[in-house]
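Next comes the sequence, and after it the predicted model I'd like to discuss.
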Amino acid sequence: MNKKKALMGLFLSIIAASQVACSNQGIDKAAKVSNEAGIVEDDSKGNDRDLEREIDNQDLLAEDAVERVADHDTQANNMEKSDGAKADIDDEAIMKSYREQINTEDSKISDIMSYLEKNISLVSKGNASTMLLLLEELQVKKRTVLEEKFLPEEIQIGFWEAYQKGVDYTKPEALEEEVLKNLVQETVEYGYKLEQAEGFVFPVIDYTLYDRFTTYATPDIADYFKIMAEQSEKPYAKDAALVIGWEDLINRALSTEEFLKNHPSSNKAADIEVLHQWYSRATFFGLNNTPLFDYKTKIMVDEANEVYQKYQKEDRDSEYLTKLEGFMEVLSENNFKLTAEVEEYRNNLIK
């Protein structure tokens, strides 16, 4: 029982970031197939921060939907139809049927997707947004059950062995072992994809599935799922290393900042704020395995320096870019070296 609890603790911590990102709780045998982990941190110290600083990756970004969908639904019911042609459609009947399907014990994501394809264009943008948020909520809940199936050591070892053989274990047809094949098939059918961190394989929501429906949603919810799909398709970090380039990192920070500026009252603003903070911290601190400053010389890496100087010239209303500009000015005064002054300055940027 203790071993299972330890597995669960590590597993839930690993699910942290990314959609994005990547516990410091150990598992004897699983650790043998794990990589050294880390998150965005202070380069001058090189210490691994607890992955719990970025825990519940998609949970932090999606679990609040459970409490807030009801509020969004109330707002949606008060919204006008997006066009006159929809005025004759019975939104209430469609929403009632949809909720019944969502709340069915053995509801399948494929069936829900089919219902959305047939009906989401017939309701108001507010109700369309609610439909998508309810689906996200369902996926968050079902993922908890699915995660349990990934915990056994034999499952993780099976994935590791498949990886060593060069097998694409994210595709069920590529797997020979029946148990793994069925597990991956179930994962895909329920709208998830496989991610790996610290050598541990686990399911995350595949937000690209929402792409086809966002045109029917309100602007804030459409923008939310667009941002989440980008993070889902390519997490910004994995195994304490930056997966995207420095310029992509800046652009993601700007897109999340833009969301918060355009939709401050959105019930997804808090989730996007979490992502924005991750991107911002990575901007000024780098990651363990993608440092902003060389560990030996303490000099800023050339690629980041070049990109950051480019964005210094950007003329736009952005608090993030204002911080970046100030950071680069202090760095310039210190010959782009991580000095005590630079360290103190950047610590004040992220609080």
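Happy to help now that I have it. Numbering: from 1, shown residues only.

show me what contacts the closest residue to residue 163 other than its chain neighbours?
Of all residues not flanking residue 163 in the chain, residue 169 sits nearest, at 6.1 Å (Cβ to Cβ, 6 or more residues apart in numbering). Glycine gets a C-beta too; all of them are placed from N, C-alpha and C. Contacts for residue 169 (Cβ atoms under 8 Å, 6 or more residues apart in numbering) come out as 159, 162, 163, 175, 180, 184, 194, 201.

which two from these end up farthest apart in space?
Spatially, the most separated pair among those is 163 and 184, at 12.8 Å (Cβ to Cβ).

With neighbour numbers in mind, choose between the two.
residue 184 (25 against 15; other Cβ atoms under 10 Å).

ok, that one to residue 127 distance?
From residue 184 across to residue 127, the span is 34 Å (Cβ to Cβ, to the nearest Å).

And for residue 339?
Noted for residue 339: a distance of 55 Å to residue 127, by Cβ to Cβ.

ok, those two, which is more surrounded?
For the pair residue 339 and residue 127, the greater number of neighbours falls to residue 127 (28 against 16), based on other Cβ under 10 Å.

quick one: what helix or strand has the more buried one in it?
With elements taken from DSSP states H and E, the one containing residue 127 is helix 125-148.

Against which helices or strands is the following helix or strand past that helix packed?
Scanning forward in sequence from helix 125-148, with DSSP H and E defining helices and strands, the next element found is helix 153-164. Under the contact criterion of 3 or more Cβ pairs under 8 Å, 6 or more residues apart in numbering; DSSP states H and E, helix 153-164 touches helix 178-189, strand 200-205.

Highest mean neighbour count out of these?
Of all the helices and strands packed on helix 153-164, strand 200-205 has the most neighbours on average by mean count of other Cβ atoms under 10 Å, namely a mean of 24.

Report the angle between that one and helix 178-189.
Calculated by axes from the mean of the first three to the mean of the last three Cα atoms, to 10 degrees, strand 200-205 forms an angle of 30 degrees with helix 178-189.

Does anything pack onto the very next helix or strand once past strand 200-205? Which helices or strands?
Stepping forward along the backbone from strand 200-205, the first helix or strand reached (DSSP H and E) is helix 219-233. Helices and strands touching helix 219-233, as assessed by 3+ Cβ pairs under 8 Å, 6+ apart, comprise helix 125-148, helix 246-262, helix 269-285.

what residues does helix 219-233 touch?
18-20, 61, 129, 132-133, 193, 204-208, 210-211, 213-215, 217, 252, 255-256, 259, 262-263, 266, 268, 271-272, 275.

what's the neighbour count on residue 338?
22.

Torsion angles phi and psi at it?
Dihedral pair for residue 338: phi -80, psi 90, per degrees, to the nearest 10.

packing partners for the helix holding residue 127?
Using 3+ Cβ pairs under 8 Å, 6+ apart as the contact definition, the elements that helix 125-148 packs against are helix 57-62, helix 65-77, helix 91-102, helix 109-119, strand 192-197, strand 200-205, helix 219-233.

quick check: angle from the fifth one to helix 178-189?
It stands for strand 192-197. Orientation check (the same axes, to 10 degrees): strand 192-197 against helix 178-189 gives 120 degrees.

ok, strand 192-197: who's next to it in the sheet?
Sheet partners assigned to strand 192-197 using DSSP bridges are listed as strand 200-205 (antiparallel).

give me phi/psi at residue 300?
The phi/psi pair for residue 300 (degrees, to the nearest 10) is phi -60, psi 140.

show me the contacts for the residue nearest to it when sequence neighbours are not counted.
In space, and not counting its chain neighbours, residue 300 is closest to residue 336: 4.3 Å by Cβ to Cβ, 6+ apart. For residue 336, the contacting residues are 299, 300, 305, taking Cβ under 8 Å, 6+ apart as the criterion.

Throw these into a markdown table and include neighbour count, pLDDT and distance to residue 91, thanks.
Listed next are the contacts of residue 336 as a markdown table, based on neighbours: other Cβ atoms under 10 Å; pLDDT from 0 to 100; distance: Cβ to Cβ, whole Å:
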| residue | neighbour count | pLDDT | distance to residue 91 |
| --- | --- | --- | --- |
| 299 | 13 | 98 | 60 |
| 300 | 24 | 98 | 55 |
| 305 | 17 | 97 | 54 |
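
where does the stretch 51-200 of the chain have low pLDDT?
Applying pLDDT under 70 to the stretch 51-200 of the chain flags the ranges 51-89.

please redo it, this time with the cut-off set to 50
Counting by pLDDT under 50, the low-confidence segments of the stretch 51-200 of the chain come to 51-63, 65-67, 69-88.
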